[in-house]
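Novice: pasting the sequence and the predicted coordinates here, then a few questions.
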Amino acid sequence: MRVLLLQLAPQANLQINKALQAIGYECLPCDDIADAVVTLADHECDLMIIHHLPRKETDFRFIEILRGAAGSIPILVMASTPTSSYKVGLLNSGADDVIDTSVFFEELCARIHALLRRRDWSQSALLFCHDLQLDLYKQQVRRGNRLIRLTRREFSLLEFMLRQRGRVLSRATIFEHVWASQSECQSNVVDAYIRLLRKKIDAAGEEPIIHTVIGMGYTLRPPADLGPVFDQSIPGQKFA
């Protein structure tokens with residue numbers, strides 16, 4: 001899980017940066033609005049946290065600009081003793097939540113999880129590819145009429161690949177999103193879980209959905225999307 005952390009009080013943000021990393025989030029620190037806009041354009045982020053908003057008249061415009069750059073990414077604002085009217089202004093400008101900087105870390109984590117959960121539900125509770133269906137509400141996976149039992153990690157891996165359907169994903173990209181608590185990419189771990197997932201998803205007689213792109217990584221896409229340019233029977237062939 002990747003968090004853009006806009007550091008408007010760097011000496012205070014060092015602590016929150018370390019705390020978020022300790023619970024498995026990757027933090028992308030930014031020092032100003034221009035840096036944040038560039039980072040949003042260059043990286044896929046799951047959440048933006050603005051820490052120590054200075055409480056100036058320009059704050060509302062500040063949030064409007066960031067909302068435009070962030071798209072659907074949730075924005076959590078942390079401000080020092082925010083008044084009710086100030087919170088309302090920030091929320092109306094595009095923030096998704098506003099909390100006091102003195103909040104306990106447990107509450108901050110709970111609010112982060114709520115924002116991410118809300119975003120996931122708003123995107124879709126059902127993810128599809130060909131005849132494969134993943135239900136986020138029921139935590140179930142089916143292929144056709146077949147119920148597939150997955151471990152928590154396998155479920156997270158499949159969910160990520162379904163959300164990135166059609167994209168070629170490197171092992172490093174998969175690892176940093178599914179194994180966020182680890183510091184270094186372990187490609188053998190990714191390969192092992194892909195093999196496990198394939199055995200469960202691609203049963204005998206069913207069209208493969210998870211494909212290897214030699215030298216690049218993996219992709220999940222419907223068989224019809226592969227077209228005539230790819231034949232799994234030819235070793236070493238890449239997608240055209």
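Specialist: That came through fine.

Novice: send the alpha carbons of the lengthiest helix in the chain over as CSV?
Specialist: Using DSSP state H to define each element, the chain has its longest helix at helix 105-123. Only the C-alpha atoms of helix 105-123 are listed here, as CSV (Å, rounded to 0.1, in the frame of the first residue of the first chain):
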residue,chain,number,x,y,z
PHE,A,105,-1.9,6.5,16.1
GLU,A,106,-4.5,3.8,16.5
GLU,A,107,-7.3,6.2,15.5
LEU,A,108,-5.2,7.4,12.5
CYS,A,109,-4.8,3.8,11.3
ALA,A,110,-8.5,3.1,11.7
ARG,A,111,-9.4,6.2,9.6
ILE,A,112,-6.9,5.2,7.0
HIS,A,113,-8.4,1.7,6.8
ALA,A,114,-11.9,3.2,6.5
LEU,A,115,-10.9,5.5,3.7
LEU,A,116,-9.2,2.7,1.8
ARG,A,117,-12.1,0.3,2.4
ARG,A,118,-14.6,3.0,1.2
ARG,A,119,-12.5,3.5,-1.9
ASP,A,120,-12.4,-0.2,-2.7
TRP,A,121,-16.1,-0.5,-2.3
SER,A,122,-16.8,2.5,-4.4
GLN,A,123,-14.6,1.2,-7.2
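
Novice: what comes into contact with the very next helix or strand once past it?
Specialist: Counting by DSSP states H and E, the element after helix 105-123 in chain order, helix or strand, is strand 126-129. For strand 126-129, the external contacting residues (Cβ atoms under 8 Å, 6 or more residues apart in numbering) are Q133, L134, D135, L136, E159, L162, R163, R165, I209, L220, R221, P222. C-beta: built from backbone N, CA, C; applies to glycine.

Novice: now with 10 Å?
Specialist: By Cβ atoms under 10 Å, 6 or more residues apart in numbering, the list of residues contacting strand 126-129 from outside reads 120, 133-138, 141, 143, 158-159, 161-163, 165-166, 201, 209-210, 220-223, 225.

Novice: same check, this time on stretch 37-48
Specialist: In this structure, residues lying in contact with stretch 37-48 by Cβ under 10 Å, 6+ apart are 1-6, 20, 25-26, 28-30, 36, 65-71, 73-77, 95-96, 112, 115-116, 119-120, 164, 173, 177, 180.

Novice: what element comes up after the lowest-mean-pLDDT helix or strand in the chain heading to the C-terminus?
Specialist: Least confident helix or strand, the chain: helix 10-22 with a mean of 71, by mean pLDDT, DSSP states H and E. Per DSSP H and E, the first helix or strand lying C-terminal to helix 10-22 is strand 26-30.

Novice: and the residue nearest the centre of this protein?
Specialist: D46 (4.5 Å; Cα atoms, centre = their mean).

Novice: outline the domain layout of the chain.
Specialist: Domain assignment for the chain by automatic domain parsing gives 2-123, 126-229.

Novice: so where is this protein shaky, pLDDT-wise?
Specialist: 10-14, 119-125, 180-185, 224-240 (pLDDT under 70).
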